[in-house]
Every structure is written in structure tokens, then in C-alpha cells.
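**Student:** Got a sequence here, can you model it:
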Amino acid sequence: MINNSLFLISGVYFLLNVAIQSSTIFIPLLGAQLGASNFQVGLIGAAYGGAYLLASLYSGQQSDRQGKLRFVRVGLLLSTVAFAGQLLAQHLLSLALVRAGVGLSLGVTTAALVAYAFESGADMGRFSSYSSLGWIGGAIAAAFLNDFDDLFAASTICCTLAFILSLFLSPPREGKAIAKRESTPQLSAVIKQGFPVYLAIFLRHLGAASVWIILPLYFTSLGLDRFWIGLLWGTNYVVQVIVMRSLERFHPQRVFAFGQALSIVVFLGYVLIHYRWPLLLVQAMPGVAWACLYVGALLLVLRAGEDRGTASGIFQATLNLCNAVGPFLGGMIAQGWGYRGVMLFAAALGVGGMIVAVPQSRTQSETSKSLSG
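**Tutor:** Numbers count the residues shown, from 1 in each chain. The predicted structure follows:
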């Protein structure tokens with residue numbers, strides 16, 4: 001019974017991420033086609049990220065009190081409507097509003113979905129890999145479906161299928177399930193409990209988000225064509241899928257700290273290496289780094305207490321705050337100090353994250369030893 005449930009929830013997560021990625025890839029191009037400036041494209045992205053952030057915080061908190069599965073299904077249904085709404089976006093304002101609606105809907109479902117999977121006894125490394133697998137599927141869909149309407153229709157269909165699958169899920173009876181709370185968890189208390197992890201992931205991911213927005217332009221400046229850029233991007237996703245599936249057997253604190261350290265190497269590698277084949281190796285490293293960071297951090301915050309929906313919501317909100325702010329920082333720094341300035345900025349933030357992550361790793365490891373001894 002539990003294996004069937006885990007198969008279904010993994011399918012939901014995969015389809016949802018196919019829908020997200022196949023829509024997201026060409027939103028900047030659609031905005032430009034509708035006459036948006038670079039700044040306005042950034043505002044459209046900020047509308048999406050900001051709505052996602054707020055909805056993740058609220059819905060994750062409420063799902064601890066009202067039940068995760070309710071928010072998973074409601075969020076998926078809202079997401080289906082929001083993805084379909086993209087087909088009607090004919091002006092910049094309507095595109096910004098629809099993308100904010102997509103972010104809000106995803107915020108309702110994602111935090112609850114991750115917490116539900118954890119409480120159902122899922123291997124969180126394997127479960128997380130389905131998000132990266134979905135990104136690969138979305139990128140493939142974007143490669144074959146060049147028309148915006150076709151991509152948005154494909155996103156709607158995938159999200160509809162995810163919603164249908166969610167109807168066959170049942171509340172967890174085994175694994176790490178807990179009873180619903182009678183009162184709403186305190187957001188400040190959950191943030192305080194996992195603050196070192198949230199801060200470390202924020203610093204690293206803020207730097208990464210500032211790099212990803214300019215990285216295709218940087219690769220182009222090195223003489224790489226679209227085929228090589230696509231190959232480098234795909235390498236990252238494939239490595240994520242492979243590595244995530246084998247991480248839960250390791251101590252999450254060490255995994256998390258290793259991801260932080262490797263991220264610094266990656267950003268410095270972009271600065272130092274300018275040739276195609278060595279760049280392929282460098283581009284595989286972010287896949288390892290992100291797999292370790294994401295799975296390690298997720299396990300740390302979900303295992304820290306019983307308010308897992310709230311913790312998951314804060315975690316998702318942290319990532320989306322970076323996704324909203326990072327591109328603006330990347331563009332500003334690139335304008336003044338060039339592409340390599342962005343890489344060095346990200347590496348510096350990575351060092352900050354490492355300073356936070358390593359003491360956290362040691363403390364958690366010592367606590368685990370004392371409890372087991």
C-alpha cells in the first residue's frame with residue numbers, strides 16, 4: 001500500500017515539474033515578444049516568485065493544522081487553472097497577473113506535497129530527483145514545442161494528470177505520519193529552529209540565482225553555440241537526478257556542507273575555465289552541489305520537528321526569495337563588473353553559506369552521536 005502511494009506521489013511531483021519547466025523556459029521570450037524591457041521581464045519573474053513565496057509560507061503553515069493532502073489537491077487544481085490561464089495572456093499586465101497566479105497556486109501545493117511525501121516514508125533523495133527529472137522533461141518539451149500556446153497547453157495537461165493522480169492518494173498511515181495539529185504552528189518558532197540551514201541555503205542560492213540569469217550570455221561570450229549551451233544545461237539536470245537518488249543513506253549535515261563547499265568550486269571554475277570540454281566537467285559539478293544542498297537541507301528541516309508543512313513552506317519560500325532577487329543582482333553586477341564579477345559574487349556568498357553550514361554540520365553530528373551513545 002505504501003509503495004503504491006509513493007509511486008503515485010512521485011508521479012505527481014514529476015508531472016508538476018514538467019508543467020513548471022515547460023512553461024517557465026520561454027516566459028522571458030514571450031514577455032519580450034509582447035514588448036517588455038529587460039526590467040519588465042524581471043518584474044514578471046518577481047511577480048511569480050513573490051506570489052510563490054507568500055503562498056508557500058501560508059499554505060505550508062496551514063497544512064500542518066488542516067492536513068497536507070487537502071492543500072496538495074487544491075493547489076494542483078488551482079495550478080491547472082493558472083497554467084491554462086497563460087493561454088489568454090495577450091498583454092504584459094495580463095502575463096504578469098497570470099504568472100503571479102501560477103506562483104500562488106504552486107505555493108499552495110508544493111510545500112504540502114514535500115511534507116506529505118516525507119510523512120509517507122519516502123526516500124527524500126529519490127523523491128527529490130523526480131523534480132530534476134521533470135525539469136529534463138520540460139526542457140525536452142520546450143525543444144520540440146516551439147509555439148507558446150502548445151507549451152502552455154502541455155503544462156496544463158501535465159498538471160491535470162497530476163491532479164487526477166492526487167485523487168488516488170490517501171492520508172499516510174505508515175512511515176513518519178503525525179496527527180494534525182489543533183492550532184496553527186508559530187512561523188517564528190520554526191524559522192528559529194532551522195535558521196542556520198535556511199540562512200546557509202539562502203546565501204548559496206542567492207548567488208546561484210544571480211549566476212544562472214547571465215550564464216547563457218557568459219557561455220555565448222566564450223564562443224559556445226546553442227547546442228553546447230543546451231548540452232551544458234542538460235548535464236546539470238541529469239547529474240542531479242543520478243546523485244539525488246543515492247543521498248539519503250548519508251548524514252544530511254555532511255551532505256549539506258559538502259554541497260556548500262562544492263558550490264564555491266563551481267563558481268570559481270566558471271571564472272578560470274574557458275574551454276568546451278573542461279566546462280562540461282565544471283557544469284556537472286552544480287548538479288552534484290545542488291543535489292547535496294537540496295536533499296541535505298530538506299532532510300535537516302523536515303527532521304527537526306513535527307511542523308513539517310511549515311518547515312517545507314519556509315524552505316520553498318527561501319528558494320523563491322532567491323529566485324526573485326538573484327536575477328536583479330546578477331544583472332546589476334554584470335552591468336558594472338562583467339560576467340566574472342557575478343561568479344565571484346556568488347563564490348563569496350558561498351563562502352558565507354559555508355561558514356554557517358559547517359558549524360551546523362558539526363553540532364548536528366555531535367548531537368546524533370550523543371543520542372545514539
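**Student:** With Leu151 as the reference, measure out to Met244.
**Tutor:** According to CB to CB, to the nearest Å, Met244 stands 26 Å off from Leu151. Yep, even glycine has a C-beta here, placed from its N, CA and C like the rest.
**Student:** Asp123 against Val295, yeah?
**Tutor:** No. In this structure, Asp123 is not within contact of Val295 by CB atoms under 8 Å, at 9.7 Å.
**Student:** Mind listing the shared neighbours of these two?
**Tutor:** Shared contacts of Asp123 and Val295, defined by CB atoms under 8 Å, 6 or more residues apart in numbering, comprise Glu248.
**Student:** contacting residues for the closest residue in space to Leu145 that isn't next to it in sequence?
**Tutor:** With CB to CB, 6 or more residues apart in numbering as the criterion, Leu145 has its nearest non-adjacent residue at 5.0 Å, and that residue is Leu151. Neighbouring residues of Leu151 by CB under 8 Å, 6+ apart: 22-23, 25-26, 141-142, 145.
**Student:** go with 7 Å
**Tutor:** 22-23, 26, 141-142, 145 (CB atoms under 7 Å, 6 or more residues apart in numbering).
**Student:** just Gly42 next, same as before
**Tutor:** Contacts of Gly42 (CB under 7 Å, 6+ apart): 327-328.
**Student:** Also Arg340?
**Tutor:** Residues near Arg340 by CB under 7 Å, 6+ apart: Val271.
**Student:** Let me know the pLDDT of it.
**Tutor:** As predicted, Arg340 sits at a pLDDT of 90.
**Student:** Check which helix or strand it maps to.
**Tutor:** Secondary structure from DSSP states H and E places Arg340 in helix 308-372.
**Student:** Equivalent analysis for Leu247, please.
**Tutor:** For Leu247, there is no enclosing helix or strand under DSSP H and E.
**Student:** picking up where we left off before, in whichever strand or helix holds the residue nearest to Leu145, what's buried?
**Tutor:** Leu151 belongs to helix 148-166 when assigned by DSSP H and E. Within helix 148-166, the residues that count as buried by 16 or more other CB atoms under 10 Å are 148, 151-163, 165-166.
**Student:** for stretch 344-357, same thing?
**Tutor:** Result for stretch 344-357 [16+ other CB under 10 Å]: buried residues 344-347, 349-354, 356-357.
**Student:** now stretch 88-108
**Tutor:** Of all the residues in stretch 88-108, those buried under the rule 16+ other CB under 10 Å are 89, 92, 95-108.
**Student:** next one: stretch 133-143
**Tutor:** So stretch 133-143, judged by 16+ other CB under 10 Å, has buried residues 133-139, 141-142.
**Student:** quick one: pLDDT of the residue nearest to Leu145?
**Tutor:** Here, the pLDDT recorded for Leu151 equals 88.
**Student:** Next one: Leu279 from Leu93, what distance?
**Tutor:** Leu279 is 40 Å from Leu93, where distance means CB to CB.
**Student:** next one: Val108
**Tutor:** 23 Å.
**Student:** Could you check how far stretch 229-248 is from the centre of its chain?
**Tutor:** 14 Å (CA atoms, centre = their mean, to the nearest Å).
**Student:** any residues touching stretch 97-113, and which ones?
**Tutor:** Outside stretch 97-113, the residues that touch it by CB under 7 Å, 6+ apart are 12-13, 20, 27, 44, 47-49, 51-52, 54-56, 59-60, 63, 68, 71-72, 74-76, 78-79, 82-83, 85-86, 89, 309, 312-313, 316.
**Student:** Would you mind listing which of those are buried?
**Tutor:** Among those, the ones that count as buried by 16+ other CB under 10 Å are 12-13, 20, 27, 44, 47-49, 51-52, 54-56, 59-60, 63, 68, 71-72, 74-76, 78-79, 82-83, 85-86, 89, 309, 312-313, 316.
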